[in-house]
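Visitor: any chance you could fold what I've pasted below:
(2 chains)
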Amino acid sequence: KNQVEQSPQSLIILEGKNCTLQCNYTVSPFSNLRWYKQDTGRGPVSLTIMTFSENTKSNGRYTATLDADTKQSSLHITASQLSDSASYICVVSIFDSWGKFQFGAGTQVVVTP
Amino acid sequence: DAGITQSPRHKVTETGTPVTLRCHQTENHRYMYWYRQDPGHGLRLIHYSYGVKDTDKGEVSDGYSVSRSKTEDFLLTLESATSSQTSVYFCAIGQGEAFFGQGTRLTVV
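Guide: Now for the predicted structure:
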């Protein structure tokens, strides 16, 4: 059973608008949570990393939040651009288990002019 | 792409034939991984390596084998390709964070 669930599966937004992606996880013990961006035909690239004690982290127009108590994370994209069209993947790492990454299935974002 | 090169980038092969995918890194990283990515699924770990000649199975290892004779190279072999192994394969390196290659699109017909 996938321990990382993302929603929605896909969404379409107009250029310039904001959107929020969700990630719920049951992975335990938790080490950190990353959001990756995957452009079509390319490998995933890390956007943000959050540890247990962090609630918010920004990377330009991307802002990630983490609620470790409810095991939920979100990725907010502000003032979307066409280049934001991609799949966004939530990845949770297991504490003290190198390489033990649990991947969500991703949210496909399409930004239209 | 963090100095990771996958080859080939695309391959079409017939059922029952052996296939080897190569991952080459220039980061001198100890840990390397092979994942497959299929629609509706997250990236799934096939095999991983924690050093030269040190490898172990991931969650979807059936039908796959790996070898690592040098730090920089991690090979994934499909001994006898099946249609269910049609997928996009990603190599990654890293410990606390995974850095991915560009992927290999494999089609088994």
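Visitor: which helices and strands does whichever strand or helix holds B:Tyr89 pack with?
Guide: Following DSSP states H and E, one finds B:Tyr89 within strand B:87-93. Other helices and strands packing on strand B:87-93, by 3 or more CB pairs under 8 Å, 6 or more residues apart in numbering or on different chains; DSSP states H and E, are strand B:4-7, strand B:19-25, strand B:32-37, strand B:73-78, strand B:99-100, strand B:104-108. (Each C-beta comes from the backbone N, C-alpha and C, glycine too.)
Visitor: that strand versus strand B:73-78: what angle between them?
Guide: An angle of 160 degrees separates the directions of strand B:87-93 and strand B:73-78 when computed by axes from the mean of the first three to the mean of the last three CA atoms, to 10 degrees.
Visitor: where does chain B have low pLDDT?
Guide: By pLDDT under 70, the low-scoring segments of chain B are B:1-2.
Visitor: flag every residue of it that's near chain A.
Guide: Taking CB under 8 Å from any CB of the partner chain as the measure of proximity, chain B contacts chain A at B:1, B:4, B:31, B:33, B:40-45, B:48, B:50, B:90, B:92, B:94-103.
Visitor: just the buried subset of the residues you listed, written out for PyMOL, thanks.
Guide: Here is the PyMOL command that picks out the buried ones among those, judged by 16 or more other CB atoms under 10 Å in any protein chain shown:
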select buried, chain B and resi 4+31+33+42+43+44+45+48+90+92+94+97+98+99+100+101+102+103
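Visitor: centroid residue for chain B?
Guide: Within chain B, the residue whose C-alpha comes closest to the C-alpha centroid is B:Trp34; the distance, by CA atoms, centre = their mean, is 3.3 Å.
Visitor: sorry, back to before: out of the helices and strands packed on strand B:87-93, which comes closest to A:Leu66?
Guide: Between A:Leu66 and those, the tightest spacing by CB to CB is seen for strand B:99-100, at 21.8 Å.
Visitor: so what's the gap between that closest one and the chain middle?
Guide: Strand B:99-100 has its C-alpha centroid displaced from the chain centroid by 12 Å (CA atoms, centre = their mean, to the nearest Å).
Visitor: same question for stretch B:37-46.
Guide: 12 Å.
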